[in-house]
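In: Test case, fold it:
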Amino acid sequence: MKTAKRGKRVVVVMPAYNAEKTLIRTLDDIDRSWVDDIILVDDGSRDGTVDLARRLGLRVFVHEKNTGYGGNQKTCYTEAMKLGGEIMVMIHPDHQYDPRVIPQLVQPLLDDACDAVFGSRMLGGRPLEGGMPKWKYLSNIFLTAVENIAFYMYLTEYHSGLRAYSRRYLEAVDFRANSDGFVFDSEIIAQGVLAGMRIREIPIETRYFPEASQVGPWGSIHYGLSILRMLVKFKLHKKGWIRYPMFELPGPAPKPGA
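Out: Here you go, the predicted model:
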C-alpha cells in the first residue's frame, strides 16, 4: 500500500534497548502524516519497552537475547521491507535525535535526488552546545576525516544514528553480512559507496541526557578501531587484493508479505 500524498511507503524503524522512559516522547515528535508504519525491534530490553510499545499499537519484534545495535538494525530493515517499505527511516527511541526532521530526511528520497539521507550533528547542529562530550566530538571529526579519505567523498559526519534509506539502497548492499555492533553504521556506508549509492546530509541537533543511550570512552575506542579495520578491508577489497563477502553484491531482497 502506498500513501497517495507521497507515492512511496515510508516505514520508521526503531532499534530499541531499554527505551521505556523515552519511547512516548519520541513518538510524540513523529509527524504521522509522513509515516505509514512504525516498527520497533526490541533487543533484549530489561525494562517495559516491549509491553509499552505493544500498548501504543506499534509493530513489535523481539530479540530474546541482545544481539547488538547492528543486529537490531538488520531485523529493522528486513521486516520493514517485508511490509513493502520503500523508504526506511531509523529513529532511536531514546529521544537523543529529533524525529521532527523526518520530512527533511524523506523529501530528497521522494524526489529521487539520492538513495540515503543522513542527519549530521556537525552540519550546523552545534553538537558541543547540545551536550556532546568534547572527546567524542574530536574523535568524530578524526574518524570522519579518515573515512572521507578512504571513500573519496565528503560527508561532515558518518556516525549519526538518524538516517533514511531508500529500498534501492538496502537492496544494493548486503547489510545482513555486516557486524552486529556499532560499526554496522559505517559498514553500510562503505557498501553503499561500492554500489554507487548517492548520499545526502541534513543538519540536525542532538540531545545528551541521562536516559539517552551513550557509548563510554572505552566502548568508543573499540568502535574507532573497528572502523579503521573496516576501512582497511574496504581498500583491500576495492583494489581487488582480498575479497570480503560483506562487500559483494547481495542476494534477492525479501518480498513484501514474505
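In: Identify the residues contacting K65.
Out: G44 (CB atoms under 8 Å, 6 or more residues apart in numbering). Yep, even glycine has a C-beta here, placed from its N, CA and C like the rest.
In: Would you mind giving the secondary structure of it?
Out: coil (DSSP: H, G, I helix; E, B strand; the rest coil).
In: now the strands for the stretch 101-250 of the chain?
Out: 116-120, 163-166, 199-203 (DSSP state E, counting those that start in this stretch).
In: Between those strands, which one is closest to L40.
Out: Smallest distance to L40 across those (CB to CB): 16.5 Å, for strand 163-166.
In: contact partners of that closest one?
Out: For strand 163-166, contacts defined as CB under 8 Å, 6+ apart pick out 77, 86-90, 102, 105-106, 109, 114-119, 185.
In: again, only using 7 Å
Out: 86-90, 105-106, 109, 115-119 (CB atoms under 7 Å, 6 or more residues apart in numbering).
In: got it, and stretch 17-30?
Out: 12, 43, 45-49, 52-53, 56, 91, 93-95, 98-100, 102, 211, 213.
In: Can you give the distance from it to the centre of its chain?
Out: The chain centre lies 17 Å from the centre of stretch 17-30; the measure is CA atoms, centre = their mean, to the nearest Å.
In: number of nearby residues for the closest residue to I227 other than its chain neighbours?
Out: Using CB to CB, 6 or more residues apart in numbering and skipping residues adjacent in sequence, the residue nearest I227 is S186, 5.0 Å away. By the criterion of other CB atoms under 10 Å, S186 has 24 neighbours.
In: Quick check: S186 touching Y158?
Out: Yes: the criterion here is CB atoms under 7 Å, and S186 meets it with Y158 at 5.7 Å.
In: Give me the common contacts of those two.
Out: Counting by CB under 7 Å, 6+ apart, the common neighbours of S186 and Y158 are E147.
In: which sections of the stretch 1-150 of the chain are below the confidence cut-off?
Out: 1-5, 124-126, 129-131 (pLDDT under 70).
In: cutoff 50 now
Out: Filtered on pLDDT under 50, the stretch 1-150 of the chain yields the residue ranges 1, 4.
In: Assess the claim that P250 and V173 are in contact.
Out: Yes: here P250 reaches V173: they are 6.4 Å apart, a contact under CB under 7 Å.
In: Which one's more surrounded, these two?
Out: Higher neighbour count among P250 and V173: V173, with 25 against 17, using other CB under 10 Å.
In: mind listing what the more buried one touches?
Out: V173 touches I188, Q191, G192, A195, P250, counting by CB under 7 Å, 6+ apart.
In: OK, contacts around F247?
Out: Q191, L194, F234, H237.
In: how about a cut-off of 8 Å?
Out: The contact partners of F247, by CB under 8 Å, 6+ apart, come to D174, A190, Q191, L194, K233, F234, H237, K238.
In: can you list those in TSV and add pLDDT and neighbour count?
Out: Output for the contacts of F247, formatted as TSV (pLDDT from 0 to 100; neighbours: other CB atoms under 10 Å):
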residue	pLDDT	neighbour count
D174	97	19
A190	98	27
Q191	98	24
L194	97	17
K233	98	16
F234	98	23
H237	97	18
K238	96	15
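In: which one of those sits closest to T206?
Out: Lowest distance from T206 to those (CB to CB) belongs to A190, with 23.5 Å.
In: what's the distance between the closest one and R200?
Out: 17 Å (CB to CB, to the nearest Å).
In: Over to I221?
Out: In this view, I221 and R200 are 30 Å apart by CB to CB.
In: contacting residues for the residue nearest to I188 when sequence neighbours are not counted?
Out: Excluding the flanking residues, the one nearest I188 by CB to CB, 6+ apart is F175, at 5.3 Å. Contacts for F175 were tallied using CB under 8 Å, 6+ apart; they are Q73, K74, Y77, F184, E187, I188, Q191, P250.
In: Before we go further, the third one is sitting in a helix, right?
Out: What that stands for is Y77. Yes: Y77: assigned to a helix according to three-state DSSP.
In: That one contacts R167, correct?
Out: No: with contact defined as CB atoms under 8 Å, Y77 does not count as touching R167 (9.4 Å).
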